[in-house]
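Structure for the following, please:
(chains A and B)
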Amino acid sequence: MTQFRASNIAVSIGRTEILCGADFVASAGELTAIVGPNGSGKTTLLKSLCNDLAYDGSIKINGTDIAELTPWDQAAQRAVLAQSNVIAFPFTVIEVVQIGLRAGTSGQHDDLPMQALRKVGLAHYAHRNLQELSGGEQQRAHLARVLAQVWEPVVNNAPRWLLLDEPVASLDIAHQLQVMRLAQKFAQAGGGVIAVMHDLNLTAMFADSIAVVAEGKVISQGGTRDVMTDDILSRAYGCTLRVGCAPSDGTPFVLPHVAQT
Amino acid sequence: MAIASLDGASHTPPKTRLSRARQMHWLLAGFLLLTCLASLQIGASEVTLSSVATKLIAGESLSRMEQVILWDIRLPRLAMGILIGGALAVSGAMMQGLFRNPLADPGIVGVGAGAGLGAIIAIVLGGFLPAAFLGTFKNHLIPLAAFLGGWVSTILLYRVATRGGRTSVATMLLAGIALAALAGAVSGILVYMADDKQLRDLTFWGLGSLAGASWTKLLAAAPLIALSFGASFFLGRGLNTLALGEATAAHIGIDVQRMKLIAILSVASATGAAVAVSGGIGFIGIVVPHLLRLATGPDHRTLLPNAALLGASLLILADVISRSIIAPAELPIGIVTAVLGAPVFLWILLRQRGWADG
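Numbers count the residues shown, from 1 in each chain, chains lettered A, B, ... in the order given. A predicted model of the protein is given here:
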């Protein structure tokens, strides 16, 4: 009941099969990373979980099939940060965060958008036009919107979920760490986080579990240390990768290995 | 869970654009009242609101001419101006929100092209209808044909752009261009066939006017326009989320497809009714929402009602100008809205380009 589970997911776009029988599970209280090479189907898997795409198979959030939920009910249980966000009109930063509030909570928590902005370090830009901010700042403003949507990680004993598509792609290293810590805190408070990640070292630092996607399937899923092996990663990415451990705390790190001639 | 406990002390937000926009309701309502008074006061005849009010206060009864001018000419015209101006501006704001483009106008869903073709068919080919039918519907043939034309083209575009239960607004826009070209070609053939009187009727219909206002037309158009005003109360939040894209709007809990359908049908009803009774009146639908966005921001929860108030005021003002500037003759109102609106439209384009070029 406290899992986001996808079973035997198949997605085709036109005649191209993007996912073919992918199985995936994420548990509440954990940060689950989806990794894999370009074109492997990571984002498609996440979009399926968001109900953005037509898919075959079954996807359940906290035990309920998402096909049975209205957009409103899905929004109450999970929030989604897309890879890129474009806004059509000159909304201010705080107005964008307010858009993320569901009508049911907005009346009760007038201060919540500002709290969300403080969490991402953008409270001082609250009344600036979003379009005037840098790409990284805009991405953090959208993260604040997403956090405002599922502010309480657990509601009525049911976990809520953050679905993040490459959340640190346009951020500098300090803000990458800030965003990953926010996601980690959300999971530690009882919510669930599913994040598509490109940076394997950042993934190793923050993820509790990892799903490796290659050629439209989840080829391996489990605890970070179980999945981050030379063999699994090298097979997924099609190049030689070496996994080591930081001497200080044993956190895995990944280095590409190039044969010397 | 106590929200305050999650992140420090509470914060008092400064005055937001939302509260400014709500104050704007009152300002615009006042402006509308002033334009209404001006509309009743000014006209080709010597009957003025002040002279009528003086008589009524003194306990004198109004002459037959005064009653006719006020009750049968100026009041229905004023009411029609309020409804049509409001309908065009609200429809424009809805379409700009739906298409995520500040240059979209109410005719973008095919209403304009379809209504135009309907009107031309009625003007040029109406004479071929059975005499009994013409006897009953003679005065309403053009509005009826225009309304039907608008609806048919909107439904056609909607069907073309909808696949697998999802409507692509981009496809709707492109199909609308194709449909407008086709309607233009058929209109061209009919114009070629038309006689001099029909050509004159066509020209005046295309320029728009409130001169034909009557209580009958008002009663026919009012429910359709009221439907759109009613829908606008429920669409504000959804259109705000749509500014972030369709996928994000769905993630936030909006039933995007249902919202699109409601918005398109509302605009088709309101614009179709407006075009049917007053002809083609341009620029109100584009310029009014944009001016309001500049003044109070893009929040559709306040933009839509404010657009109704400002659209109504500006159309009434344009009508006062159109019937007083060359009195006792009357300038088609579409000319006045174009003269006032085109420079603003160009300014919007230049401003946008400046922003895009950085």
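
which residues sit in contact with the residue in the stretch 1-150 of chain B positioned nearest to chain A?
For the stretch 1-150 of chain B and chain A, the shortest gap (CB to the nearest CB) falls at B:Arg100, measuring 3.7 Å. All C-beta atoms are positioned from the backbone trio N, CA, C, and that covers glycine. By CB atoms under 8 Å, 6 or more residues apart in numbering or on different chains, the contact list for B:Arg100 reads A:88-89, B:169, B:242-243, B:245.

okay, now the single nearest residue of the stretch 101-250 of chain B relative to chain A: neighbour count?
Of all residues in the stretch 101-250 of chain B, the one sitting closest to chain A is B:Ala243 (4.4 Å; CB to the nearest CB). Residues contacting B:Ala243 under the criterion other CB atoms under 10 Å in any protein chain shown number 22.

Please apply the same query to A:Leu31.
A:Leu31 has 27 nearby residues by other CB under 10 Å.

what's the pLDDT at the closest residue in space to B:Phe99 that isn't next to it in sequence?
Leaving aside its sequence neighbours, B:Phe99 sits nearest to B:Val169 (CB to CB, 6 or more residues apart in numbering or on different chains; 5.4 Å). Looking at B:Val169, its pLDDT is 81.

Report the secondary structure element holding A:Ala148.
helix A:135-149 (DSSP states H and E).

SS state for A:Ala54?
Three-state call for A:Ala54 (DSSP: H, G, I helix; E, B strand; the rest coil): coil.

per-residue pLDDT, it?
A:Ala54 carries a pLDDT score of 89 in this model.

For residue 118, what is the enclosing helix or strand?
Assuming you mean chain A. In the assignment (DSSP H and E), A:Arg118 maps to helix A:112-119.

To clarify, I was referring to chain B.
Here B:Gly118 is assigned to helix B:111-125, by DSSP H and E.

That helix: which residues count as buried?
For helix B:111-125, burial by neighbour count (16 or more other CB atoms under 10 Å in any protein chain shown) applies to B:111-124.

if we look at it, which residues are touching it?
Residues contacting helix B:111-125 (CB under 8 Å, 6+ apart): B:106-107, B:141-142, B:144-154, B:176, B:179-180, B:183-184, B:186-187, B:190-191, B:193-194, B:198, B:201-202, B:205-206, B:267-268, B:271-272, B:275-276, B:279-280.

switch the cut-off to 6 Å
Applying CB atoms under 6 Å, 6 or more residues apart in numbering or on different chains, the contact partners of helix B:111-125 are B:141-142, B:145-146, B:148-150, B:152-154, B:179-180, B:183, B:186-187, B:190, B:193-194, B:198, B:201-202, B:205, B:268, B:271-272, B:275.

next one: stretch A:2-15
Against stretch A:2-15 from outside (CB under 6 Å, 6+ apart): A:18-28, A:44, A:48, A:53, A:55-61, A:159, A:161.

Whichever residue of chain B sits closest to chain A is in what secondary structure piece?
Nearest to chain A in chain B, going by CB to the nearest CB, is B:Gly253, at a distance of 3.1 Å. B:Gly253 is part of no helix or strand when elements are defined by DSSP H and E.

For the residue lying closest to it once chain neighbours are set aside, give me the pLDDT.
Residue nearest to B:Gly253 in three dimensions, not counting chain neighbours: A:Ala75, with 3.1 Å by CB to CB, 6+ apart. The model reports A:Ala75 with a pLDDT of 91.

go on, B:Ala44?
69.

worst-scoring helix or strand of chain B, pLDDT-wise?
Of all helical and strand segments in chain B, the minimum by mean pLDDT, DSSP states H and E falls on helix B:131-137, at a mean of 67.

Give me every residue in the stretch 51-200 of chain A lying close to chain B.
Residues of the stretch 51-200 of chain A found near chain B (CB under 6 Å from any CB of the partner chain) are A:52, A:71-72, A:75, A:80, A:87-89, A:91, A:99, A:102, A:109, A:111-112, A:114-115, A:118, A:152.

Which single residue in chain A comes nearest to chain B?
Counting by CB to the nearest CB, chain A gets nearest chain B through A:Ala75, at 3.1 Å.

secondary structure element for that residue?
helix A:71-77.

Let's see that helix as CSV, backbone CA atoms only.
The C-alpha trace of helix A:71-77 is given here as CSV (Å, rounded to 0.1, in the frame of the first residue of the first chain):
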residue,chain,number,x,y,z
PRO,A,71,-6.4,14.0,-12.5
TRP,A,72,-7.5,15.7,-9.3
ASP,A,73,-7.0,12.6,-7.2
GLN,A,74,-3.7,11.9,-8.7
ALA,A,75,-2.5,15.4,-8.0
ALA,A,76,-3.5,14.9,-4.4
GLN,A,77,-1.0,12.0,-4.1
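
C-terminal to the least confident helix or strand of chain B, what's the next element?
helix B:141-161.

Just want the angle from that next one to helix B:111-125.
Orientation check (axes from the mean of the first three to the mean of the last three CA atoms, to 10 degrees): helix B:141-161 against helix B:111-125 gives 140 degrees.

By neighbour count, which bits of helix B:141-161 are buried? Give me those.
Counting neighbours by 16+ other CB under 10 Å, helix B:141-161 gives B:141-143, B:145-155, B:157-158, B:160-161 as buried.

so for it, what's the average pLDDT?
Helix B:141-161 carries an average pLDDT of 84.

contacts for whichever strand or helix holds B:Gln23?
According to DSSP H and E, B:Gln23 maps onto helix B:17-41. Surrounding helix B:17-41, the residues in contact under the criterion CB under 6 Å, 6+ apart are B:48-49, B:74, B:78, B:296-297, B:299, B:302, B:306, B:309-310, B:312-313, B:316-317, B:320.
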